[in-house]
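# Based on what follows, work out the 3D shape:
(one chain, ligands or ions: 2)
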Amino acid sequence: MKKSDYLKWDAYFMGIALLSAERSKDPHTSVGACIVSEDNKILSVGYNGMPRGCSDDEYPWDRNSENELDAKYLYVCHAELNALLNYTGTNMTHAKIYTTLFPCNECTKALIQAGISEVIYLCDKYAETPSVIAAKRMMKSAGVRYTPYHPANKKIQLDL
Ligand SMILES: O=c1[nH]c(=O)n([C@H]2C[C@H](O)[C@@H](COP(=O)(O)O)O2)cc1CO
Ligand SMILES: [Zn+2]
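Ligands and ions are numbered 1, 2, ... in the order given. Here you go, the predicted structure:
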């Protein structure tokens, strides 16, 4: 008989999003995303980080700064956008994105335009912000489903 405690699809893809988030250098919020085709093939992954050529050591990671230019927000590329940009194929229609944080309005525009049909998210800590409220409004209009991920198991252990 086959084993029953194998990793289910949702846990597998959210696990990959979480593992990708571990690559982030953001000291406050690490985000990871994994884009999956309709038939459960992984199309792309991404995490939040500085754009290529913009050194993690030179650019700021601060949240608050007197000068906006000295905070991270103008520079950092979001996990969801990186996952879209890392895709080398040509067709994302009906794909799903697993993301550890609910996408912002800017990523949402790009996800909609790329043909993503569902967002599965782990955390929604910025639900009250205009960015996320706008994101949900656009998803509803565009027919993009958003579904919170409720893990069956809290832990996936990897021993290296
Ligand atoms: O959807 C998102 N995806 C994403 O990658 N991010 C990134 C940008 C920042 O590096 C970090 C948010 O930082 P903070 O929580 O300190 O405001 O997460 C932020 C959002 C916001 O929803
Ligand atoms: Zn975003």
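
# which residues touch the closest residue to N153 other than its chain neighbours?
Nearest residue to N153 in three dimensions, chain neighbours excluded: A11, at 6.9 Å (CB to CB, 6 or more residues apart in numbering). For the C-beta atoms, the positions are set from N, CA and C on the backbone; glycine is no exception. Contact analysis of A11 by CB atoms under 8 Å, 6 or more residues apart in numbering lists P151, A152, N153, I156.

# Strands of this structure, residue ranges please.
If DSSP state E is used as the criterion, the strands of the chain fall at 32-36, 42-47, 96-101, 118-123, 145-148.

# For this structure, which residues are neighbours of ligand 1?
26, 28-29, 31, 48, 63, 72, 76, 78-80, 101-104, 107, 126 (CB under 6 Å from any ligand atom).

# Show me which pair in the contacts of A11 is furthest apart.
Farthest-apart pair in these is A152 and I156; separation 10.7 Å (CB to CB).

# What number of residues are in the vicinity of the nearest residue to P103 once chain neighbours are set aside?
Excluding the flanking residues, the one nearest P103 by CB to CB, 6+ apart is E80, at 4.8 Å. Using other CB atoms under 10 Å, the number of residues around E80 comes to 31.

# I'd say E80 and I112 touch.
No. Under the criterion of CB atoms under 8 Å, E80 makes no contact with I112, lying 11.4 Å away.

# surely Y146 meets S117?
No. In this structure, Y146 is not within contact of S117 by CB under 8 Å, at 10.6 Å.

# Export the strands of the chain as JSON lines, with columns for mean pLDDT and mean neighbour count.
Output for the strands of the chain, formatted as JSON lines (pLDDT from 0 to 100; neighbours: other CB atoms under 10 Å):
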{"stretch": "strand 32-36", "mean pLDDT": "98", "mean neighbour count": "27"}
{"stretch": "strand 42-47", "mean pLDDT": "98", "mean neighbour count": "21"}
{"stretch": "strand 96-101", "mean pLDDT": "98", "mean neighbour count": "27"}
{"stretch": "strand 118-123", "mean pLDDT": "98", "mean neighbour count": "19"}
{"stretch": "strand 145-148", "mean pLDDT": "98", "mean neighbour count": "13"}
